[in-house]
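> Just the structure for this:
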Amino acid sequence: MNTIVLFYSLTGRTYKEAKRIANELGAERFEVTERRRRSVFGAAFSGCVEAARRAASHIDPIAVRLSDYDEVILMAPVWGGYPAPAFNSMVKELSDGAAVRIILTSKKGKIKDEEELVDFVESTGAKVKNITVLKVGKK
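Coordinates of the predicted model:
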C-alpha cells in the first residue's frame, strides 16, 4: 500500500511521532507549514479558538499529489480539544474517495466530538478509516 504521512507540528512532538510512524510503515512523509509561524502563546489562545471553529490556517502549498497515494495519514496536535487549524487546511486538500487515517497528538490523550470530526473530513468525499489520539508529553 502506498501511504503518505501528512503532518503539522508546532513544537516538534507531532513531528517526532510522524517520523516514527512513517518509518514503521515505510511511508513517505510531508510536513505542512503555516505561512505565518505561530508562537506557542498564539496557539494556546487564538489557535484554540480557531481550532474549535474549524477555521483553516494559511499553509504553504503541499508539494505532493495526495491522489497518488492509497492511504493518507493526517497528523496534527490537539489545541483546546480540536485539531490545530493547519489540520483543517490539510483536510481541504484531500481528493474525493481518499482513504484517511487520523492520528492526533495531545497532552491529555483525548479530543472533543470525534463524530463531528469524522463528518467534517468525510464532507470532502474522503473516507475516514480510524482516529487515534496519541498521548504525548513534553519533548
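> need the helix or strand of this protein with the lowest average pLDDT.
helix 40-42 (a mean of 72; mean pLDDT, DSSP states H and E).
> after that one, next one along is what?
Using DSSP states H and E, the helix or strand that follows helix 40-42 in sequence is helix 48-52.
> Residues touching that next one, excluding its own?
57, 78, 79, 80, 81, 82, 83, 84, 85, 87, 88 (C-beta atoms under 8 Å, 6 or more residues apart in numbering). Bear in mind the C-beta positions are built from the backbone N, C-alpha and C, glycine included.
> Residue 115: what secondary structure?
helix (DSSP: H, G, I helix; E, B strand; the rest coil).
> Equivalent analysis for the one 5 residues further on, please.
Secondary structure of residue 120, reduced to three states by three-state DSSP: helix.
> show me what contacts it?
Residue 120 neighbours (C-beta under 8 Å, 6+ apart): 54, 88, 91.
> re earlier: need the max-distance pair from the contacts of helix 48-52.
For the contacts of helix 48-52, the farthest-apart pair by C-beta to C-beta is 57 and 81; their separation is 17.3 Å.
> okay, the two: which has more neighbours?
residue 57 (21 against 14; other C-beta atoms under 10 Å).
> What sits closest to that one if chain neighbours are left out?
Nearest residue to residue 57 in three dimensions, chain neighbours excluded: residue 85, at 3.9 Å (C-beta to C-beta, 6 or more residues apart in numbering).
> Can you report how many residues lie near the one you found?
What residue 85 shows, counting by other C-beta under 10 Å, is a neighbour count of 28.
> Could you check the pLDDT of it?
Per-residue pLDDT puts residue 85 at 96.
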